[in-house]
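Q: Just need the structure, nothing else, for what follows:
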Amino acid sequence: MYKILLVEDNEMNRDMLSRRLIRKGYEVIIATDGQQGVDAARTEAPALILMDMSLPVMDGWQATRLLKASPETQGIPIIALTAHAMASDREMAFEAGCDDFDTKPVDWNRLLEKIQTFLK
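A: Modelled structure (predicted):
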């Protein structure tokens with residue numbers, strides 16, 4: 001069973017995504033801000049991270065930069081999740097170190113396909 005870290009501050013999004021991931025057989029770890037996400041990635045060693053980019057305490061951009069700069073977490077694939085769907089937001093996500101990018105509201109089938117591609 002793969003472990004996925006979901007870093008999401010919106011309760012509705014967190015609930016919907018975590019339930020769907022669990023139904024697909026994934027173990028889900030939840031963090032509600034960027035700092036918790038960085039800490040959980042270091043202690044839980046997830047197979048993949050779903051990172052909201054607009055987070056309290058530390059935003060997803062900074063959290064991703066820290067994770068990709070650390071030898072212990074740099075290999076974990078990070079998929080950015082954001083309501084900001086402009087081309088510049090996509091570019092910023094990749095510049096921060098994200099491995100992929102998806103928009104909110106989440107298209108579940110598209111996101112699941114991306115997750116499965118990284119976990120093969």
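Q: Quick check, central residue of the chain?
A: Centroid check for the chain by CA atoms, centre = their mean gives Leu50 as the closest residue, at 1.5 Å.
Q: Contact partners for it?
A: Leu50 makes contact with 4-8, 17, 79, 81, 111, 115 under the criterion CB atoms under 8 Å, 6 or more residues apart in numbering. Where C-beta positions appear, they are placed from N, C-alpha and C, glycine not excepted.
Q: now Pro105, nearest residue through space, not along the chain?
A: Nearest residue to Pro105, sequence neighbours excluded (CB to CB, 6 or more residues apart in numbering): Ala83, at 7.9 Å.
Q: Now do the phi/psi pair for the one you found.
A: phi -80, psi -10 (degrees, to the nearest 10).
Q: and it, how many neighbours does it have?
A: 13 (other CB atoms under 10 Å).
Q: ok, now the one 3 residues further on?
A: Using other CB under 10 Å, Met86 is surrounded by 10 other residues.
Q: about what we covered before: ramachandran coordinates for the residue nearest to the centre of the chain?
A: Dihedral angles for Leu50 - degrees, to the nearest 10 - are phi -100, psi 110.
Q: From Gln62, how far off is it?
A: Distance, Leu50 to Gln62, using CB to CB, to the nearest Å: 17 Å.
Q: Need the contact partners of stretch 79-86.
A: Against stretch 79-86 from outside (CB under 8 Å, 6+ apart): 8, 13, 48-54, 60, 64, 89, 93, 96, 98-106, 111, 114-115, 118.
Q: what's downstream of the helix or strand of the chain with the lowest mean pLDDT, the next helix or strand?
A: The helix or strand of the chain with the lowest confidence, counting by mean pLDDT, DSSP states H and E, is helix 87-96 at a mean of 86. Using DSSP states H and E, the next helix or strand after helix 87-96 towards the C-terminus is strand 100-103.
Q: what about dumping the CA coordinates of that following strand to CSV?
A: Extracted as CSV, the C-alpha positions of strand 100-103 are listed here (Å, rounded to 0.1, in the frame of the first residue of the first chain):
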residue,chain,number,x,y,z
ASP,A,100,3.4,17.8,-11.8
PHE,A,101,0.6,20.3,-11.6
ASP,A,102,-3.2,20.0,-11.3
THR,A,103,-6.0,22.5,-10.9
